[in-house]
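>>> Sequence first, predicted coordinates after that:
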Amino acid sequence: MRKRRITAPRRAITVNAGRAITTTAGGTIAATAGRAVAAALLAGTLCLSGSLSGCAPPADPADPADPVASADPVASADPADSVGPVGRLGGKAAREAAAHGPPEDAYRRWGLDAPLAPAPSPPARRPPVRAAGPGLPPVVDRVPTRDKVVFLTFDDGAEKDPRFVDLVRELRLPVGMFLTDSVAGPGYAHFGRLRAVGASVQNHTLHHPYLPGLSYAGQRAEICGQQDKLKQRFGIRPRLFRPPYGEYDADTLRAAAGCGITAVVLWRDGDPLRPGDILHCPEGRSGTSLTASTTALLRRVQEAGLTPARLEDYL
Ligand SMILES: [Zn+2]
C-alpha cells in the first residue's frame, strides 16, 4: 500500500489508497480500493474545520435578482469553441486592461514596493502538457514554461470582499476563480463583477464533495452540474476544473472529460516559487482578508522575479 501525502494550502491530507497512480503532474489518483473508507475519513476530518468554506452545507444558489449575472453579454458564447469562451472573454477584458495600464501608483495603495512586471505576451502555442490517459484531460500543478510567470488561483468563492474586486481591477491582476455553486452561488454577482475586470471563472463542483468517494455518475453530476450553473449564470462552460481538496480518481478524469473539461488544475505550494507554478491563494487565513493574503503572495511573487499571468493563455 502506498501512502501519498498531499499538501493543501490550509490542511494536510493523507490518503491511503489501495493503489495510487502518480500522474505526470505529480498529482495522486486515489484508486477504487479503500475509496469509501478514505472518503468517510476525509469528509469527517475536513469538515471538522469550521473555517473550511467548502464544507458549508449547500445553500440555495438561486439568485434571480442578480443583475450582473443575468445581464452577462456573453450568454450566447459558443461552448464548443476550442479556445474557450472563458478565455475569450477574459482575454478581451485583460487586453483592454493592458491597453490602459494600471494606475501608476496603484501598487502603493496595495502595499507593494514596486509595480507588478507586465506579463509577457501569451505564448503563440500553449505549452504541451501530457494527457492523463487516452481521452482524458491532463492534470497539472505547473505549466511547463520558461516565462517568468505564475498563475493565481482561488477556490470555492466564500469570501466576497469588494476590495478584492478593486485589487484585481487596479493591479490588472489575472486571477482564476474556481467556484463551488453551494458556496459562491448566493453571491454570483460578486463574481460577475470580478469577471468584468478580467478574472476568469472556472469549475470547482456543485457541492465541494470528496470526489473519489462518489460514483462515476455522482462525480459527473457534480462537475457537469456546475458547468450548467456557470453557463446559466455567466454564459460560459469553463475548460478548467479543480477537484475539491485536490483529490480525484480515474472516474473524476473521465467525468471531467465528459463535461467538456480540458485540464484538471491542481496547485503547488510555491516554496520556492518557480516559473509556471500554479498557486492557490488562501482565503482569509488567520483572520486576514483575501485581499491581504493576496497582496502578501504578490510580494513573494515579486521577490522571486516573477509576475502573474493568465492561466488560460498557457493551459
Ligand atoms: Zn475548495
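That came through fine. All values derive from a computational prediction rather than experimental measurement. Numbers count the residues shown, from 1 in each chain.
>>> how close does residue 152 sit to residue 206?
As judged by CB to CB, to the nearest Å, residue 152 and residue 206 stand 24 Å apart. From N, CA and C alone the C-beta is placed, and that goes for glycine too.
>>> Around the ion, pick out the residues from the stretch 101-250 of the chain.
155, 156, 244 (CB under 5 Å from the ion).
>>> My guess is residue 274 contacts residue 141. True?
No - contact criterion CB atoms under 8 Å: residue 274 and residue 141 do not qualify, at 11.1 Å.
>>> Which one of those two is surrounded by more residues?
Neighbours per residue, other CB atoms under 10 Å: of residue 274 and residue 141, the larger number sits with residue 141, 21 against 13.
>>> Run through the helices of the stretch 101-250 of the chain in chain order.
Applying DSSP state H, counting those that start in this stretch to the stretch 101-250 of the chain gives helices spanning 106-109, 162-171, 181-184, 188-196, 216-234, 250-258.
>>> Which elements pack onto the fourth one?
With contacts defined as 3 or more CB pairs under 8 Å, 6 or more residues apart in numbering; DSSP states H and E, the packing partners of helix 188-196 are helix 67-70, helix 85-100, helix 162-171, strand 175-179, strand 200-203, helix 216-234.
>>> Lowest mean pLDDT across those, which one is that?
Of all those, helix 67-70 carries the lowest average pLDDT, namely a mean of 37.
>>> give me the low-pLDDT residue ranges for this protein?
By pLDDT under 70, the low-scoring segments of the chain are 1-103, 283-287.
>>> returning to what we had before: can you redo the helices of the stretch 101-250 of the chain as JSON lines with mean neighbour count and distance to residue 135?
JSON lines is the format used below for the helices of the stretch 101-250 of the chain (neighbours: other CB atoms under 10 Å; distance: least, CB to CB, whole Å):
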{"stretch": "helix 106-109", "mean neighbour count": "16", "distance to residue 135": "44"}
{"stretch": "helix 162-171", "mean neighbour count": "19", "distance to residue 135": "35"}
{"stretch": "helix 181-184", "mean neighbour count": "26", "distance to residue 135": "26"}
{"stretch": "helix 188-196", "mean neighbour count": "21", "distance to residue 135": "30"}
{"stretch": "helix 216-234", "mean neighbour count": "20", "distance to residue 135": "14"}
{"stretch": "helix 250-258", "mean neighbour count": "22", "distance to residue 135": "6"}
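>>> Quick one: closest of the ones you listed to residue 132.
helix 250-258 (5.3 Å; CB to CB).
>>> How about the helix or strand just after the closest one and the ion, touching?
Per DSSP states H and E, the first helix or strand lying C-terminal to helix 250-258 is strand 263-265. No - figure legend: strand 263-265 not in contact with the ion (CB under 5 Å from the ion); closest approach 11.8 Å.
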